[in-house]
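Colleague: take this sequence and fold it.
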Amino acid sequence: MYNLEQIAIEKDEMHAAVLNARAYKPIYVKIKVNYGCNLKCEMCKHWRETREPPISMDRFREIISELAELGCKKIHFSGGEPMLRPQLPDLVEHATQLGMRVTLTTNGTLIDKVKAKRLVEAGLRGVNVSIDSPIRKMHEKIRGVEGSFKLTTRAVSLFNKYSHKGKLTVRINTVVGRSNYETLATLPTSPTNSARTESI
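Modeller: Sure, this is the predicted structure:
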């Protein structure tokens, strides 16, 4: 994935890469740190399928270092559910120390006070939290796990609480479908919480 503003600054380099059929440096990279998930979302296959064991965290550290050497400016971590990898804050810190902006997509259910604070202090600059309805029963029907709404909304509150320790932007990700679209008008947004939607 490329940042258009960065490409505009380096347009001659980009132009030469295209003309000579060379790969252009990866400015923005999305890393899926695992495939599994602790929820059973009706629109997702991550919990339905088994995959080979994920890459080790040591190898991810090496990959991030290699990306930094190539000129990567941003890393986005996702999964499955990336917080199933307990060492994720260490990867966030590693990438931050190498000068990269780090963001994350999570369902939020595994975020507690300690993890939220650790992620922010490690340098996390953006987090997308998945909420599919402001109505608890609707959200949990879509996500497939009872009690997940409380845990996810707690994560949003915790990220907002610790956002002053860094420059953290909190966003809400919503998968819009026939069952929930009519409930979304009351999904709260603010200058620090913006809604980003996908339709199915």
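
Colleague: what are the buried residues along stretch 20-36?
Modeller: For stretch 20-36, burial by neighbour count (16 or more other CB atoms under 10 Å) applies to K25, P26, I27, Y28, V29, I31, V33, N34, Y35. In this view, the C-beta of every residue, glycine as well, is placed from N, C-alpha and C.

Colleague: quick one: mean pLDDT over it.
Modeller: Mean pLDDT, computed over stretch 20-36, is 85.

Colleague: ok, residues contacting that stretch?
Modeller: Stretch 20-36 has contacts (CB atoms under 8 Å, 6 or more residues apart in numbering) with 1-3, 6-7, 13-14, 16-18, 46-47, 49, 51, 54-55, 60, 63-64, 67, 70-82, 84-85, 88, 91.

Colleague: taking the residues you listed one by one, which sit in strands?
Modeller: K74, I75, H76, F77, S78 (DSSP state E).

Colleague: residues touching the first one, list them.
Modeller: Counting by CB under 8 Å, 6+ apart, K74 makes contact with N3, I27, Y28, V29, M100, R101, V102, T103.

Colleague: let me have these in JSON lines, adding secondary structure and distance to K113 as columns.
Modeller: Below are the contacts of K74 laid out as JSON lines (DSSP: H, G, I helix; E, B strand; the rest coil; distance: CB to CB, whole Å):
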{"residue": "N3", "secondary structure": "coil", "distance to K113": "33"}
{"residue": "I27", "secondary structure": "coil", "distance to K113": "34"}
{"residue": "Y28", "secondary structure": "strand", "distance to K113": "30"}
{"residue": "V29", "secondary structure": "strand", "distance to K113": "30"}
{"residue": "M100", "secondary structure": "coil", "distance to K113": "26"}
{"residue": "R101", "secondary structure": "strand", "distance to K113": "24"}
{"residue": "V102", "secondary structure": "strand", "distance to K113": "20"}
{"residue": "T103", "secondary structure": "strand", "distance to K113": "21"}
